[in-house]
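In: Need a 3D model of the following:
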Amino acid sequence: MMNRNESRREKLNIFYQHPYVTLFVYALLMTLISYISINTNSQIYDYPFHMARIVGLAQSIANGDLLPNLNFLFTHGSGYAVPMFYGNGILYIPALVYLVTRVGTVAFASYAFIIMWATATTSYFCLYKMTQNKAKSLLFGMTMAIAFPYFGFGMSAIPPLIVPLIYCIYKVIFQDKLNPIPLGIIIALMVQTHIISTLVLAISSFILVLLSVNKLTLKKIISFVFSIVIAVGLSIGFVLQFIEQRLSQTFFVSWGLRDYPFKSKTILDAGNLFEEITNYYFPLALVFLIIGGGVVYKSLPKIGRQLLVTSTILLVATSNILPWYSVFRYTFLTVFQYSNRLSYFIPAFVITALFLAEKKRLYKVIAVVQIGFYLVTNPLSFLPNFANFKEEYNLTATNAAVMKEQNEMADKAFQNPLLTTYWASGSEYFNLDINHKRVQNGTINQFIYDTNQVTVENVRQGYNLLMFDVQLNQEGKSVELTLPRIWYKGYVAEYSAGAKGTQPQIAYAPLTSEELQQYKKKYKPNVTQKALNDGRATISVTHSGTVSVFYKRTFAQIVGFTLQSAAWLLLFYLYLHLTLTRFVRENSV
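Out: Model (predicted):
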């Protein structure tokens, strides 16, 4: 008769034999028990912003626009170009979930599920390739899945790619296996998921590679460079679109020391090392770092040691030991806004290192502690009738009330964004000369014109469509109209019923000498003109009739995404061809 230990071992074997099913069920279970915390623990970050991205994409899909350039849930329906700078790839399933359920919090929970499941799956796969230990790898996947619980923070979309990134670097540096294509795929996916995170991981990877400089060869360096080339090819549509829009006007994000939504003086104002440690997002990761550095360091393989050293360097680098305020805030690093972005992914590096340790029970302890800590600080702390941010942020609404409000807002904005709108977070992709008060109070979605020269009637606004009739007091005389649309390259105007006019553009005026001095004093971009009317689209009409304004993909966008699609199809074909060739060879007599 089977004893208790054998029965227990057989049950565990079922999980090990089907690890991907196990991780799927685990991620689903964690999503269900964390439903409230997923939708409330990052309300102080950009939770509403990412909710608007999901619901806005759902609106686009519902209107037959499968690759949208604008999100009309922002800025009172006047259109915000967040999809052109912030990849939508990971949001399609949540958007479809919203279309089916019409419940915003359910859609957002599905977004969190995708991240947890993908993180668990990729982490398991990579660690198993490195250790050939299914039990350890399965627990690693479970642990990594809940290491970054703030899903309303944009950087939390990247964890599914972190361990694969480490694994690809490990293969090149320590196994002498050049794998430019997998690494190129990972970089391409990162770029199209979150650009700031890509920059953070690029810095982290550079440190990791630099620690193994003695193992670098020309072939390995060429392999890394080739990976970047492949990544560009696989994201060429997104990259060309990004560049085209950035060259078309000066965006608010171009002002590194911008004064919104935070005061300029707070940007990259790093604290001392003690302050950075005590205020760190993930305190448990620092405990693990101490364990790794002081207790099991000698039992770690070289890649594990280097991950801990990299983590330590990143943590120290976030403090004012480096000249963040005196030097870095005047460089491209201002895109971080706060220095501790650099240390955000430390938990992934530290946990990976400790799971690579040659200690029999350590990985089990790490898994139990990390998962237990998550359960206590998230699902068991964010209960329906709690107001978790009441003391520190004076947010008195209970978690249940927050979720109800978000669901109501999502439904209203989906149906009519002219009446209900979402905050555009940092407003990075408005024009440099945006007036934030006009965005907030909705006046940005109004016409501006001289009523003595023209009358605007029968205004109709729908998804990616603005139609209206114009009646000029004097036919043939050019009259300027500023439209209730933020201008981006790609906006076109069609004239009918006798109307004639120009294509939408931004109206500019030269900066005065005083304004030039003010721009210089505030470290604004070096420009000589300012956009009028918040950078809204402006047309000049010479004949009365009907005007239709909508966004149309540019030639560069069409070419770019055609090339990008071709690159992915070619990659899929090569993979399929190699797989079939290998299968035939192995099964041939």
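In: Could you list the low-pLDDT ranges of the stretch 451-589 of the chain?
Out: Per-residue confidence for the stretch 451-589 of the chain (pLDDT under 70) gives these ranges: 588-589.
In: any idea whether Q518 is helix, strand or coil?
Out: Assigned state for Q518: helix (three-state reduction, DSSP: H, G, I helix; E, B strand; the rest coil).
In: what's the neighbour count on it?
Out: Neighbouring residues of Q518 were enumerated by other Cβ atoms under 10 Å; the total is 12. (Each C-beta comes from the backbone N, C-alpha and C, glycine too.)
In: Next one: it from L570, what distance?
Out: Q518 sits 51 Å away from L570 when distances are taken as Cβ to Cβ, to the nearest Å.
In: Excluding sequence neighbours, find me the nearest residue to G87.
Out: Using Cβ to Cβ, 6 or more residues apart in numbering and skipping the chain neighbours, the partner closest in space to G87 is Q192 (3.6 Å).
In: can you pull the pLDDT of that neighbour?
Out: At Q192, the model reports a pLDDT of 96.
In: Can you give me every residue that contacts the residue nearest the centre of the chain?
Out: With the centre of the chain defined as its mean C-alpha position, the nearest residue by Cα atoms, centre = their mean is H194, 3.5 Å away. Taking Cβ atoms under 8 Å, 6 or more residues apart in numbering as the criterion, H194 is in contact with Y86, G87, G154, M155, A157, I158.
In: Go again with 6 Å.
Out: Contacts for H194 were tallied using Cβ atoms under 6 Å, 6 or more residues apart in numbering; they are G154, A157, I158.
In: Which residue ranges make up each domain of this structure?
Out: Using automatic domain parsing, the domains assigned to the chain come out as 19-146+383-445, 153-249+554-589, 257-377, 446-551.
In: will you turn the ones you listed into TSV that also has distance to N13?
Out: Supplementary listing: the domains of the chain in TSV, determined by distance: least, Cβ to Cβ, whole Å:
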stretch	distance to N13
domain 19-146+383-445	9
domain 153-249+554-589	25
domain 257-377	17
domain 446-551	53
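In: Could you list the low-pLDDT ranges of the stretch 301-450 of the chain?
Out: Scanning the stretch 301-450 of the chain with the threshold set as pLDDT under 70 gives no residue ranges.
In: Correction: the previous question concerned the stretch 1-150 of the chain.
Out: Residues of the stretch 1-150 of the chain that meet the criterion pLDDT under 70 lie in 1-12.
In: at 80 instead, please
Out: With pLDDT under 80 as the threshold, the stretch 1-150 of the chain has low-confidence stretches at 1-16.
In: picking up where we left off before, return the member of the contacts of H194 nearest to N279.
Out: G154 (19.4 Å; Cβ to Cβ).
In: Tell me how many other residues crowd that closest one.
Out: Other residues near G154 number 20, with proximity taken as other Cβ under 10 Å.
In: and what of L183?
Out: Neighbours of L183 using other Cβ under 10 Å come to 25.
In: Let me know whether it touches Y170 as I believe.
Out: No: under the criterion of Cβ atoms under 6 Å, L183 is not in contact with Y170, lying 10.8 Å apart.
In: thinking again about what came up before, just the closest of the contacts of H194 to A112, please.
Out: Nearest to A112, judged by Cβ to Cβ, of these is A157 at 9.9 Å.
In: Pop out the phi and psi values for that closest one.
Out: Summarising the backbone geometry of A157 under the convention degrees, to the nearest 10, its torsions are phi -80, psi -10.
In: wait, what's in contact with it?
Out: A157 makes contact with I90, T193, H194 under the criterion Cβ under 6 Å, 6+ apart.
In: Now tabulate those in CSV and tack on secondary structure and distance to F561.
Out: Output for the contacts of A157, formatted as CSV (DSSP: H, G, I helix; E, B strand; the rest coil; distance: Cβ to Cβ, whole Å):
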residue, secondary structure, distance to F561
I90, helix, 17
T193, coil, 17
H194, coil, 20
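In: List the buried residues of stretch 33-47.
Out: Of the residues in stretch 33-47, those scored as buried under the neighbour-count criterion (16 or more other Cβ atoms under 10 Å) are 34-43, 45-47.
In: Send me that stretch as PDB with only the CA atoms.
Out: Listed in PDB are the C-alpha atoms of stretch 33-47, where the atom choice follows Å, rounded to 0.1, in the frame of the first residue of the first chain:
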ATOM      1  CA  ILE A  33      -7.900  36.500  -4.600                       C
ATOM      2  CA  SER A  34      -6.100  39.700  -5.400                       C
ATOM      3  CA  TYR A  35      -9.000  41.300  -7.400                       C
ATOM      4  CA  ILE A  36      -9.400  44.200  -4.900                       C
ATOM      5  CA  SER A  37      -5.700  44.900  -4.400                       C
ATOM      6  CA  ILE A  38      -5.000  44.800  -8.100                       C
ATOM      7  CA  ASN A  39      -7.600  47.500  -8.600                       C
ATOM      8  CA  THR A  40      -6.800  49.700  -5.600                       C
ATOM      9  CA  ASN A  41      -3.100  49.300  -4.500                       C
ATOM     10  CA  SER A  42      -1.800  51.600  -7.200                       C
ATOM     11  CA  GLN A  43      -4.500  54.300  -7.200                       C
ATOM     12  CA  ILE A  44      -1.900  56.700  -6.100                       C
ATOM     13  CA  TYR A  45       0.100  55.900  -9.200                       C
ATOM     14  CA  ASP A  46      -1.300  55.800 -12.700                       C
ATOM     15  CA  TYR A  47      -4.100  53.200 -12.300                       C
END
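In: mind checking how far it is from the chain centre?
Out: 16 Å (Cα atoms, centre = their mean, to the nearest Å).
In: Ok, stretch 371-383 next?
Out: Taking Cα atoms, centre = their mean, one finds the center of stretch 371-383 at 25 Å from the center of the full chain.
In: and the end-to-end length of it?
Out: The separation between the terminal residues of stretch 371-383, taken as Cα to Cα, to the nearest Å, is 18 Å.
In: quick one on the thing from earlier: of the buried residues of stretch 33-47, which is the nearest to T398?
Out: Scanning the buried residues of stretch 33-47 for proximity to T398, where the rule is Cβ to Cβ, the winner is T40, at 9.1 Å.
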